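In: this one's sequence-less:
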Ligand SMILES: [Zn+2]
């Protein structure tokens, strides 16, 4: 690019998937569409109420810290972050200031500064000239991860965010859907270690990349024009595809953090982090390595499986079954029929793996039939569609529907003779040297046999018969 060295750091918030909210027993449900349903005096911020910490939320953040190789702090506490806004009736947010649950760790070479736990605010809706407050989101446990400013370009940021999302999903701690606001990314962007601009309102991975790229260009233009970048918060305007000023430095807050007197400090030893460490699942990076080692897959195929834990589980069970039936082969067919044909059928019918009638064993069995050339690829697609509808075993479908390759030479010979007798014009054309006519005759024969012949065998029999006559 240029003489300008970009420096980018991230703050990522993720709503934790717990049964109840962070400090009360109201239900934590980000899909609740009726406003102000999951509320109580605590998360409405009524005076005189007392918060009770959610054990599962604390464990979830500790597990994230362990997965990222971070240090779990012993003595930790909750602090009040004071500011007034209509989505925060207490006028303070319970967060963690100088004793976060996790410090340190790395992901994709980027250093993690800290991971802490706080509560989400209510949701403001601006409709028809009025502003409405929905408290369903108020008090939902929110994890905040802060990185060191180690990123140098927008692509690295997007890759990091995707990998973090995958880790949160593998750990089962957050659905981390950006479009639903379950995962929110803010980026601090500066050039040559100069003034930092904070980017907000980024609702997709694509927007993360676009917003940062736009902002780097904008700052470069400002500096190249002899100006100075001003310290401010800018939002990403998706429609205009640019960042726009939201808040300047003069309006910046002093939050006056202090320890929350309602929540005594505690030691994370009571959560037994070492036991939590042993409960961690296989994480995406380890799974990638293992898949490349154990299965003959390339990097792109591996990624498609690793990015979708349900798909990966189905694949592994099917491969295991395939290997118990065949000493070698069939793996390419299995991968292709799973990731292309079966996924196509599932998408069309909006069926998830949980509701799928085809078992991994059934799909493996189909791959065996394909590998042993007992069915053609055209037939395999029909069989798969029937399996998808009924869940039946492919061999049963082959029998009941009378499909499968015929090895009966007499039967095929008879069909070839009938086609040759019935297609005089094409036969004459072929004899005059029009070789394309042979393909036409093979097609006729295949249609009469309903696809139950090997194309090479049909071609051979036609050529022989046309030579003889
Ligand atoms: Zn509540």
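Out: The structure has been received and is ready for your questions. Remember, predicted model here, so these are calculated numbers, not experimental data.
In: all contacts plus neighbour counts: C-alpha atoms, from now on.
Out: OK.
In: mind showing which ranges of the stretch 151-300 of the chain have poor pLDDT?
Out: The model of the stretch 151-300 of the chain has pLDDT under 70 over residues 249-252.
In: as a check, name the ranges of all helices in it.
Out: Taking DSSP state H, counting those that start in this stretch to define them, one finds helices in the stretch 151-300 of the chain at 154-171, 205-224, 273-278, 284-294, 299-306.
In: tell me which stretches of the stretch 251-400 of the chain form strands.
Out: Assignment of strands within the stretch 251-400 of the chain using DSSP state E, counting those that start in this stretch yields the ranges 258-259, 266-267.
In: deepest of those, which one?
Out: Of all those, strand 258-259 has the most neighbours on average by mean count of other CA atoms under 10 Å, namely a mean of 17.
In: could you chop the protein up by domain?
Out: Described in terms of automatic domain parsing, the domain architecture of the chain consists of the residue ranges 6-277, 284-400, 409-468.
In: please identify the most buried of the ones you listed.
Out: A comparison of the domains of the chain by mean neighbour count, using mean count of other CA under 10 Å, puts domain 6-277 on top with a mean of 18.
In: is the ion contacted by that one?
Out: Yes. Domain 6-277 is in contact with the ion by CA under 5 Å from the ion, via 24, 26, 39-40, 42-43.
In: helix, strand, or coil at residue 22?
Out: coil (DSSP: H, G, I helix; E, B strand; the rest coil).
In: run through the bridge partners of the residue nearest to it when sequence neighbours are not counted.
Out: In space, residue 22 comes closest to residue 141 once its chain neighbours are excluded; the distance is 4.7 Å by CA to CA, 6 or more residues apart in numbering. Listed beta-bridge partners, residue 141: residue 119 (assigned using DSSP bridges).
In: show me what contacts residue 141?
Out: For residue 141, the contacting residues are 15-16, 18, 21-22, 57, 117-120, by CA atoms under 8 Å, 6 or more residues apart in numbering.
In: which one of the residues you listed is nearest to the ion?
Out: Taking CA to the ion as the measure, the ion sits nearest to residue 21 out of the contacts of residue 141, at 6.6 Å.
In: for that closest one, phi and psi?
Out: Phi and psi for residue 21, reported as degrees, to the nearest 10, are phi -70, psi -180.
In: that one and residue 139 touch, don't they?
Out: Yes. Counting by CA atoms under 8 Å, residue 21 sits close enough to residue 139 to count as a contact (5.7 Å).
In: for the closest residue to the ion within the stretch 51-200 of the chain, list the residues it contacts.
Out: Taking CA to the ion as the measure, the stretch 51-200 of the chain has residue 139 as its residue closest to the ion, at 6.9 Å. Residue 139 makes contact with 21-24, 43, 119-122 under the criterion CA under 8 Å, 6+ apart.
In: check what pLDDT it gets.
Out: If you check residue 139, the pLDDT there is 98.
In: what does residue 303 give?
Out: According to the model, residue 303 carries a pLDDT of 95.
In: hmm, it is touching residue 287, no?
Out: No. At 9.7 Å, residue 303 and residue 287 do not qualify as touching, with contact defined as CA under 8 Å.
In: and the residue nearest to residue 22, how far is that from residue 361?
Out: 40 Å (CA to CA, to the nearest Å).
In: which non-adjacent residue is nearest the residue positioned nearest the centre of the chain?
Out: By CA atoms, centre = their mean, the chain has its centre lying nearest to residue 307, at 5.3 Å. Beyond its immediate neighbours in the sequence, the residue positioned closest to residue 307 (CA to CA, 6+ apart) is residue 166, lying 6.9 Å away.
In: the stretch 301-450 of the chain: helices as residue ranges?
Out: Using DSSP H, counting those that start in this stretch, the helices assigned to the stretch 301-450 of the chain run over residues 309-325, 331-336, 343-349, 360-371, 377-390, 394-400, 409-422, 424-431, 436-448.
In: what angle separates the fourth one from helix 309-325?
Out: Looking back up the chat, that one is helix 360-371. Relative orientation of helix 360-371 and helix 309-325, computed by axes from the mean of the first three to the mean of the last three CA atoms, to 10 degrees: 60 degrees.
In: go ahead and name everything in contact with helix 360-371.
Out: Where contact means CA under 8 Å, 6+ apart, the residues beyond helix 360-371 that reach it are 314-315, 317-319, 321-322, 325-326, 329-331, 333-334, 338, 375-377, 380, 384, 392-395.
In: stretch 171-184 too?
Out: 12-18, 30, 60, 63-64, 165, 168-169, 201-205, 280-281, 283.
In: what's the mean pLDDT across stretch 120-131?
Out: Averaging pLDDT along stretch 120-131 gives 94.
In: how many neighbours does residue 5 have?
Out: Neighbourhood size, residue 5 [other CA atoms under 10 Å]: 15.
In: tell me the pLDDT at residue 42?
Out: Here the pLDDT value assigned to residue 42 is 98.
In: and the nearest residue to it once chain neighbours are set aside, helix, strand or coil?
Out: Here the nearest residue to residue 42 in space, its sequence neighbours aside, is residue 49; by CA to CA, 6+ apart that works out to 5.6 Å. Secondary structure state of residue 49, per three-state DSSP, is coil.
In: surely residue 49 and residue 24 touch.
Out: No. When contacts are counted by CA under 8 Å, residue 49 is not listed as touching residue 24 (9.9 Å).
In: shared neighbours, those two?
Out: The overlap between the contact sets of residue 49 and residue 24 (CA under 8 Å, 6+ apart) consists of residue 42.
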